[in-house]
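Visitor: One predicted model, sequence on top.
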Amino acid sequence: TRYLVNDACVLAGKPNVYGSIFRFEGQASVFWAEHGPCYRCLYPEPPPPGMVPSCAEGGVLGVLPGIIGCIQATEAVKLLLGIGDSMVGRLLVFDALRMRFRELKLRKDPECPICGENPTVTELIDYVEFCGLPGHQDAPAATTIVEITPAELNARFQTGDRPYLLDVRNPEEWSITHLEGASLIPLPDLDRRYTELPLDSEIVVYCRSGGRSAKAVEFLQGKGYRNLKNLTGGTLRWSDDVDPSVPKY
């Protein structure tokens with residue numbers, strides 16, 4: 001999304017009021033190719049797929065979006081009114097743990113692929129392919145993951161049929177809520193702990209919303225596990241369809 005927004009702004013000649021957050025830190029800037037660097041001048045290529053943790057895996061301090069969002073809103077108003085000094089060419093870094101702001105100077109990259117002296121990106125590209133994410137052409141592979149809905153799993157529980165439950169969320173999420181009888185192996189630890197799982201049993205894998213558990217199923221399939229199911233919608237859908245007392249987060 002960041003590369004798509006940046007490229008669209010560069011091609012349209014518009015400023016990109018940028019903000020990002022992760023855990024206890026945030027960044028803000030204004031990328032405007034006509035007056036300074038663009039986002040690709042700072043980050044020419046995206047990181048490899050899977051290297052960037054999701055919010056569920058990494059977490060974000062709850063007030064941080066408001067802090068960075070207010071900075072973005074201020075910059076947008078200044079640009080609209082044509083007043084003050086914009087953050088073009090400056091990156092503001094906020095550390096909430098130390099309550100400290102730092103400012104870094106940014107320079108325009110003459111070899112930038114979209115705003116440099118000899119741009120190679122002259123129109124919007126296939127960003128799914130560019131970022132190395134699974135495209136539509138890979139959709140059939142998803143059919144190898146067998147899904148089970150919370151209602152279906154609960155119906156089996158009622159008859160006394162209880163498959164092995166694997167929770168791949170983080171320990172702090174487990175402390176909020178978890179399914180009775182489940183075992184916890186966080187997804188980042190699965191590659192060194194998967195041998196703890198029974199190879200000849202049916203395993204239902206779940207997380208908060210179904211994304212991480214699907215990754216876990218794919219990983220376990222590669223290790224020879226065959227009787228696997230992914231809980232559709234995770235604990236969020238379990239709360240909606242089975243037990244409203246299960247807290248959402």
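Guide: On my side now, so go ahead. Numbering: from 1, shown residues only.

Visitor: From here on, just use CA atoms for contacts and neighbour counts.
Guide: Noted.

Visitor: For stretch 158-175, list every residue counted as buried.
Guide: 162-170, 173-174 (16 or more other CA atoms under 10 Å).

Visitor: now stretch 37-47
Guide: Neighbour-count burial for stretch 37-47, counted by 16+ other CA under 10 Å, picks out 37-41.

Visitor: for the chain, where's the lowest mean pLDDT among helices and strands?
Guide: helix 55-58 (a mean of 64; mean pLDDT, DSSP states H and E).

Visitor: Could you pull up the residues touching residue 44?
Guide: By CA atoms under 8 Å, 6 or more residues apart in numbering, the residues touching residue 44 are 112-113.

Visitor: Can you classify it as helix, strand or coil?
Guide: coil (DSSP: H, G, I helix; E, B strand; the rest coil).

Visitor: any idea how far it is from residue 6?
Guide: Residue 44 sits 11 Å away from residue 6 when distances are taken as CA to CA, to the nearest Å.

Visitor: again with residue 169
Guide: Residue 169 sits at a distance of 33 Å from residue 6 (criterion: CA to CA).

Visitor: Could you give the separation of stretch 157-173 from the chain centroid?
Guide: The chain centroid and the centroid of stretch 157-173 are separated by 24 Å under CA atoms, centre = their mean, to the nearest Å.

Visitor: What is the end-to-end distance of it?
Guide: Taking CA to CA as the measure, stretch 157-173 stretches 23 Å from start to finish.

Visitor: ok, and what's touching it?
Guide: Surrounding stretch 157-173, the residues in contact under the criterion CA under 8 Å, 6+ apart are 57, 156, 178-179, 181-187, 190, 201-208, 212-213, 216.

Visitor: Out of these, name the ones that lie in helices.
Guide: The helices, defined by DSSP state H, take in 57, 156, 190, 212-213, 216 from the contacts of stretch 157-173.

Visitor: which among the buried residues of stretch 37-47 gets closest to residue 248?
Guide: Distance ranking of the buried residues of stretch 37-47 against residue 248, using CA to CA, places residue 39 first at 35.0 Å.

Visitor: Any chance of TSV for the buried residues of stretch 37-47, columns secondary structure, pLDDT and distance to residue 11?
Guide: Formatted as TSV, the entries for these read as follows, by DSSP: H, G, I helix; E, B strand; the rest coil; pLDDT from 0 to 100; distance: CA to CA, whole Å:
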residue	secondary structure	pLDDT	distance to residue 11
37	coil	95	14
38	coil	95	11
39	helix	95	13
40	helix	92	13
41	helix	92	15
